[in-house]
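Student: fold the following, please.
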Amino acid sequence: RMLESRGVAMTVVSAFAVARLAAADTAVCDAIVSFYHGKDSGNSGTVDSPWQTIAYALSRVHSGVICLRSEVHQVSFTLQIGSEHGALTLTAYSPDLDAGLGRPVVSGAAAINGFSSSPGTAILTTKAPPDLARPSILFAQGRSGWLQRARLPKRGGSAASERARFFDDASTYHWASPLVRPPSKSAPWPEVDKLGFVYNASDAGEISPDLYALDEVQVLHFHSWTAFWSNVSAVIPENKTLLFSSPSISAIGQYETQGGRRFILENVREGLDEEGEWYWDSATGTVSVWPRDSVDPSSFVILAPQVSQLLSIFGAVGVTVTDLEFRHAACGDRTMGYFPSSTAAAIHIQQSSGLHFERVSISDSGSLGWALLDNSSDISIVNCTATNLGGDGIFIPSSTGIRDITVTNCVINNTGLVYLGQPGGITLRGESNVSVTRSTVAFSPYAGIKVGWQTGTDAAHGTIGEVEPWFRVEENKISDYGLGILSDFGGVYMSSNDNLCFQKSPQTCFLPVRVHGNEISRCKYYNYGCNGIYMDEQVSGVDVTNNVIYDIEDAGIYFHCGSDNRANGNVFAACGIGGSKDAVLGGCNAGGNPTWPNLPHGFNFTQNIVYIEDAARLIGTYAPDFRDVMFDDNVYFSPNASTLAQLVFPNFTSWAAWRADGNDPHSIEKDPLFLDAAGRDFRLQPSSPALALGIPQPNQAAAGSHGTPLPSV
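Tutor: Numbers count the residues shown, from 1 in each chain. Take a look at the predicted model:
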């Protein structure tokens, strides 16, 4: 009963179970922690005299093994592991696991009960304890998924999918105009347009200066590859103007087509009008919830995250964390910046080395899962999961001192629920030997895995095959990204973060990345730009090999300038299907490049299979730059003879004209003989003509996590 009041549905470790397990071999545990049966003062940290809190155990045990009983360990402040700790393990008490009691949970939420019904409605209300901070995310105990903070407009009919984010055109407002338009297309956007917008008269009945606690209402406004939260300062009905309390990062109107003029309001008491929504009145402390299903008010419990950082590891060497779950980290300030604050992470790591995480899960948290900050090295995250998060599952904000980072056999699922400044399932930066392998990444509103966004090196240091990759993205399964929310991204998205990197002396465009053996599928953009593999901002030195990429709305692979890039041995099937560009392959173009056409260019495209199922496609995008490219030993095919005959090759040429210019001299237009293209099994039959060209056998079975269960969203 105590466990239920704390908020996670698990088997209770009863006093009887404690006694039964006390005789188990505990030689591996230097300390035992039981939140329900322990006591810090006077106890000795043994099975029959456990400590109560993890914080106390960490203060007493600096090296050795701290074992947590299979309970919910509620924390009200950040757990600290520091330079005083070494050769330390934080883990589950194995007899509890053997008894089927589940993994211990470290939770940053406070439980709130005492609900009563509101007459004539399905809304339940209670008073929050006065010492609790108002959260911006909330959960119902024993029920999966987040509760929706009260919002306008209604989510309405777009709830067809359990993973719907309700950011489509049908479930958002659309602003009418920016505050001031620039005098010409070439003129910069006025700074005043970072302060608000003009809303539509048709929405004036809901958007009003009379909204309750207007200064606590937040607006989420969409641009192209981002969306940002702002606090509302005023609504002026005379000119239909909504103003922010501080400037936004991007000007409203700068990307009005790409972002669709969309916006929503949240934390609005008047918006508490649908199942699954909640509102916390900070003035009165009243919490109102409309549950998703019928509940008994006397047993209904909500979980209010209070701690934004559950575990901090700073300056430590040799720490192992295994068989634990971290849940309910708070969201932090939604309006802080482009990316989530790296301090708002369930597990925060800085200036530490020799860390190992295995069978650790992070879920139902408002910001980042793992954040790896500067001078962190020799860190492995193995057989872990990160799901239902406000930010990225794994986020590295800076490359400084980041070396020897391994993520393998992990599941990163349903991320970017709050922060939409170019979110990814995983974001990698670093100086050397940073890898993500055999992991599953799904349901991100933008990119799957992001790599770079940092200063690269000089191409003179080597080319593909002559330099060890800084980053390896290998044998991952990346799917269901974009979700129709933002624009301009990729399943694996690499950027130099500097479109003038080639003008540096020496230039800094070279970012050695190996992208190998991944399966990338099912992306959806809002306006344009959902790519399979995307090399942006002159990124150079990328080796793309043996990937299977299919059901992609834009290009299967996009070389947005850069040089010394190679695509070899890949399968591109059903790419360019969204209607934005209808292209399988993206080339260098003027977009975002102020020095066009004087910039790095050129790539190799060899031993690939391009398979087109429906209408005729461009092999290369509109108005691209295909200077210094090499195409050969490729297979191009469509089961529709008319489509195959109408394929448009780079520089808007026909197959015959393209080859007459010396391109694709050994390539063919023949059926590659997939095992089951309709079933998305792209293995090649033994008689495939692709094998004769040296194209490797696709190995989709190797991609993704193995043995790590995909968490439910």
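
Student: all contacts plus neighbour counts: C-alpha atoms, from now on.
Tutor: Fine.

Student: low-scoring stretches of the stretch 251-400 of the chain, by residue?
Tutor: 336 (pLDDT under 70).

Student: mind listing the residues bridging to the residue nearest to P178 when sequence neighbours are not counted?
Tutor: Leaving aside its sequence neighbours, P178 sits nearest to F197 (C-alpha to C-alpha, 6 or more residues apart in numbering; 4.7 Å). Counting by DSSP bridges, F197 is bridged to P178, L242.

Student: how about whatever helix or strand A657 lives in: buried residues?
Tutor: Assigned by DSSP states H and E, A657 belongs to helix 655-660. By 16 or more other C-alpha atoms under 10 Å, the buried positions in helix 655-660 come out as W655, W658, R659.

Student: stretch 78-92 now?
Tutor: For stretch 78-92, using 16+ other C-alpha under 10 Å, the buried residues are T78, L79, Q80, I81, G82, H85, G86, L88, T89, L90, T91, A92.

Student: what about the stretch 451-600 of the chain, any weak spots by pLDDT?
Tutor: In the stretch 451-600 of the chain, residues with pLDDT under 70: 459-466, 580.

Student: strands of that one, start to end?
Tutor: Per DSSP state E, counting those that start in this stretch, the stretch 451-600 of the chain carries strands over the ranges 471-474, 477-481, 489-495, 510-516, 519-523, 530-536, 540-545, 548-552, 557-559, 565-568, 571-575, 583-586.

Student: I123: which of those is closest?
Tutor: strand 477-481 (34.0 Å; C-alpha to C-alpha).

Student: picking that back up, out of the strands of the stretch 451-600 of the chain, which is closest to S34?
Tutor: strand 477-481 (38.1 Å).

Student: tell me what the closest one is packed against?
Tutor: strand 440-444, strand 447-452, strand 489-495, strand 519-523 (3 or more C-alpha pairs under 8 Å, 6 or more residues apart in numbering; DSSP states H and E).

Student: switch the cut-off to 10 Å
Tutor: Packed against strand 477-481 by the contact rule (3 or more C-alpha pairs under 10 Å, 6 or more residues apart in numbering; DSSP states H and E) you find strand 411-413, strand 424-428, strand 440-444, strand 447-452, strand 489-495, strand 519-523, strand 530-536, strand 548-552.

Student: TSV for those strands, including distance to V319 and mean neighbour count?
Tutor: Output for these, formatted as TSV (distance: least, C-alpha to C-alpha, whole Å; neighbours: other C-alpha atoms under 10 Å):
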stretch	distance to V319	mean neighbour count
strand 411-413	22	30
strand 424-428	22	29
strand 440-444	25	30
strand 447-452	26	28
strand 489-495	30	28
strand 519-523	33	28
strand 530-536	35	30
strand 548-552	37	27
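
Student: could I get these as JSON lines with distance to A304?
Tutor: Below are the helices and strands packed on strand 477-481 laid out as JSON lines (distance: least, C-alpha to C-alpha, whole Å):
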{"stretch": "strand 411-413", "distance to A304": "22"}
{"stretch": "strand 424-428", "distance to A304": "24"}
{"stretch": "strand 440-444", "distance to A304": "24"}
{"stretch": "strand 447-452", "distance to A304": "29"}
{"stretch": "strand 489-495", "distance to A304": "33"}
{"stretch": "strand 519-523", "distance to A304": "33"}
{"stretch": "strand 530-536", "distance to A304": "35"}
{"stretch": "strand 548-552", "distance to A304": "39"}
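
Student: give me the buried positions along stretch 142-159.
Tutor: By 16+ other C-alpha under 10 Å, the buried positions in stretch 142-159 come out as G145, W146, L147, Q148, R149, A150, R151, L152, P153, K154, R155, S158.

Student: N640: how many residues sit nearby?
Tutor: 13 (other C-alpha atoms under 10 Å).

Student: could you number the chain from 526 rather than 1 from now on?
Tutor: New numbering, starting at 526: the last item is N1165.

Student: quick check: it vs N1043, distance?
Tutor: Note on N1165: its distance to N1043, by C-alpha to C-alpha, to the nearest Å, is 27 Å.

Student: over to F920?
Tutor: 20 Å.

Student: looking at these two, which is more packed in?
Tutor: Between F920 and N1043, counted using other C-alpha under 10 Å, the more crowded position is N1043 (32 against 26).

Student: what residues are up against the more buried one?
Tutor: When contacts are counted by C-alpha atoms under 10 Å, 6 or more residues apart in numbering, N1043 touches 962-965, 998-1003, 1016-1017, 1069-1074, 1095, 1223-1229.

Student: if you set the cut-off to 8 Å instead, what comes out?
Tutor: V998, E999, E1000, N1001, K1002, I1003, N1071, N1072, V1073, Q1225, A1228, G1229 (C-alpha atoms under 8 Å, 6 or more residues apart in numbering).

Student: from what I can see the fifth one touches G1229, true?
Tutor: In other words, K1002. Yes: K1002 is in contact with G1229 according to C-alpha atoms under 8 Å; the separation is 4.3 Å.

Student: and for the two, which residues touch both?
Tutor: R963, S964, T965, N1043, E1044.

Student: next, count neighbours for the residue lying closest to the fourth one once chain neighbours are set aside.
Tutor: The one in question is N1043. Nearest-residue entry for N1043: E1000, 4.3 Å, with adjacent residues in sequence omitted and distances by C-alpha to C-alpha, 6+ apart. By the criterion of other C-alpha under 10 Å, E1000 has 28 neighbours.

Student: which residues does E1000 contact?
Tutor: T962, R963, S964, H1041, G1042, N1043, E1044, A1227, A1228, G1229.

Student: which among those count as buried?
Tutor: Buried among those (16+ other C-alpha under 10 Å): T962, R963, S964, H1041, G1042, N1043, E1044, A1227, A1228, G1229.
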